[in-house]
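1. Below is the sequence, then the predicted model.
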Amino acid sequence: MSKKIVVTGIGASSPIGGTAPESWESLLAGESGVRTLEYDWVAEYQLPVTFAGQARVKPTEVLERPIAKRLDPSSQFALVAAKEAFADAGSPEVAAERLGVDWATGIGGVWSLLDAWDTLREKGPRRVMPLTVPMLMPNAPSAAVSMHFEARAYARTVASACASSTESIVNAYEHLQAGFADVVIAGGSEAAIHPITVASFASMQALSRRNDDPATASRPYNVDRDGFVMGEGAAALVLETEEHALARGAKIYAEIAGGAVTADSYHITANDPEGRGAIRAMQTALEQAGATADEVSHINAHATSTPVGDINEYTALKAIFGDRADEIPISATKAATGHLLGGTGALEALFSVLAVQNRIAPPTINLIEQDPEIPVNVSSEPQPLGEGPQLAISNSFGFGGHNAVVAIRSVD
């Protein structure tokens, strides 16, 4: 018999807020977290893209200095979001062997890696920090969260590009269903706004180049969208079985009703134009939720603001929802936050949790002229979802053909 898995805590550090509540309030207010990068290296390397969605609050302003200095920024963000989420969940008293961590990152400790490389070239091997490898390894954020909370059930890492942290939530759902833990801290983090990543994404024509107006650069579904905007930060959800949550008197935000992971096996960067992997992921997530497509009342779309990606996702949505794909309130929240890569799925799942709890679909900013080929129900203002039970899906699709979808149901 399947267990009901619920969300009891949330935390975030994003380009639009230093906490989950701040990020949600800014999202509803239609704020943009994207701005010009004020670093010397932008001009030094003549980067063709000069803006990104930087975290509104630096993790070093939150963490104690002795802790922060031993962590790559990707791990710093992870710890900030996880600490907020665990406290929000009431700091559940759970045996260390029954507390797990499912965490994700798309790129990992790129700053630690390349800073060490610069030190080696300029100052020699004796000056390279001894902690370089523990700081740069992709599992460092998961390890940092695990060690902080003494979570000994397990500490696992997902690295599946932009689908990473949605996959971590799916994994947490499955691990709780399997009885591997009673409480799981799940989420993802990314801190990859670095000259090499900006240059690389720009070189492949993936980034928007609206340097003159960064705040409106990410414009999903707009007819003149020209690429995604890089973002950074983290988001965390505390998940547990409903039985465990009720036994300790925890507040419950929403239910993680199902989730699925599939692969396109199509192309290293492009997603399948027929959306077959995305379709299977959405279908399976709904099957796990014991729901039909007709029950879905809200969608947080992957919607990165790329010319091809937005259309391909719409193709998959049409296959699942038919004509309702043009009626269901859809939010494309990357317009406000930018694309947090490995951390984006967790942040969007968090937004979906709050959407079904508050029965409101957050706005999609920067929608000036909607692409007629994508006639979805997207609004520049918050949309009420109505009364009664709510079911949302949150989609994430990543380089390499990774697809991850989570289904989120309201609780009363």
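-> Nice, I can see it.

2. can you map out the strands along the stretch 1-150 of the chain?
-> Residue ranges of the strands in the stretch 1-150 of the chain, as given by DSSP state E, counting those that start in this stretch, are 5-13, 35-36, 51-52, 99-104.

3. Listing partners with orientation, what would you give for the helix or strand V405 falls within?
-> Under the criterion DSSP states H and E, the helix or strand holding V405 is strand 402-409. Strand pairing for strand 402-409, using DSSP bridges, gives strand 254-263 (antiparallel), strand 391-398 (antiparallel).

4. Using CSV, write out every CA atom in that strand.
-> C-alpha atoms of strand 402-409 as CSV (Å, rounded to 0.1, in the frame of the first residue of the first chain):
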residue,chain,number,x,y,z
HIS,A,402,16.7,14.1,-18.8
ASN,A,403,13.1,14.6,-17.9
ALA,A,404,11.6,14.9,-14.4
VAL,A,405,8.1,15.7,-13.4
VAL,A,406,6.5,16.0,-9.9
ALA,A,407,2.8,16.0,-9.1
ILE,A,408,1.7,18.1,-6.1
ARG,A,409,-1.7,18.0,-4.5
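
5. ok and it relative to strand 99-104, angle-wise?
-> 130 degrees (axes from the mean of the first three to the mean of the last three Cα atoms, to 10 degrees).

6. wait, isn't R70 in contact with M129?
-> No. Using Cβ atoms under 8 Å, R70 is not in contact with M129, being 9.5 Å away. All C-beta spots, glycine's among them, are computed from the backbone N, C-alpha and C.

7. T157 reaches A144, doesn't it?
-> No. T157 is not in contact with A144 according to Cβ under 8 Å; the separation is 11.2 Å.

8. Report the separation between E31 and A301.
-> Using Cβ to Cβ, to the nearest Å, we find E31 at a distance of 19 Å from A301.

9. Could you pull out the strands in the stretch 201-350 of the chain for me?
-> Using DSSP E, counting those that start in this stretch, strands in the stretch 201-350 of the chain cover 233-241, 254-263, 298-300, 329-331.

10. How far off centre is the longest one?
-> Centroid separation between strand 254-263 and its chain, computed with Cα atoms, centre = their mean, to the nearest Å, is 14 Å.

11. Same question for that strand: list its buried residues.
-> Across strand 254-263, burial judged by 16 or more other Cβ atoms under 10 Å covers A254, E255, I256, A257, G258, G259, A260, V261, T262.

12. could you point out where this structure is predicted with low confidence?
-> Judged by pLDDT under 70, the chain has its weakly predicted residues at 1.

13. Can you tell me the centre-most residue of it?
-> Residue closest to the mean C-alpha point of the chain, counted by Cα atoms, centre = their mean, is T344 at 2.1 Å.

14. Looks like that one contacts S165 (just checking).
-> Yes. T344 lies in contact with S165 (Cβ under 8 Å); the separation is 6.9 Å.

15. Return every residue with contacts to both of the two.
-> G188, S396 (Cβ atoms under 8 Å, 6 or more residues apart in numbering).

16. from memory G277 sits against A263, does it?
-> Yes. With contact defined as Cβ under 8 Å, G277 reaches A263; the gap is 5.9 Å.

17. between these two, what contacts are shared?
-> G401, N403.

18. related to what we said a few turns ago, tell me the residues that contact both of R70 and M129, please.
-> What both R70 and M129 touch, as defined by Cβ under 8 Å, 6+ apart, is the set M135.

19. can you tell me the distance between the two ends of stretch 249-269?
-> One end of stretch 249-269 sits 45 Å from the other (Cα to Cα, to the nearest Å).

20. Can you show me the helices along this structure?
-> 20-28, 40-44, 65-68, 73-88, 110-123, 132-136, 140-149, 164-177, 195-203, 242-247, 276-288, 307-321, 334-337, 344-358 (DSSP state H).
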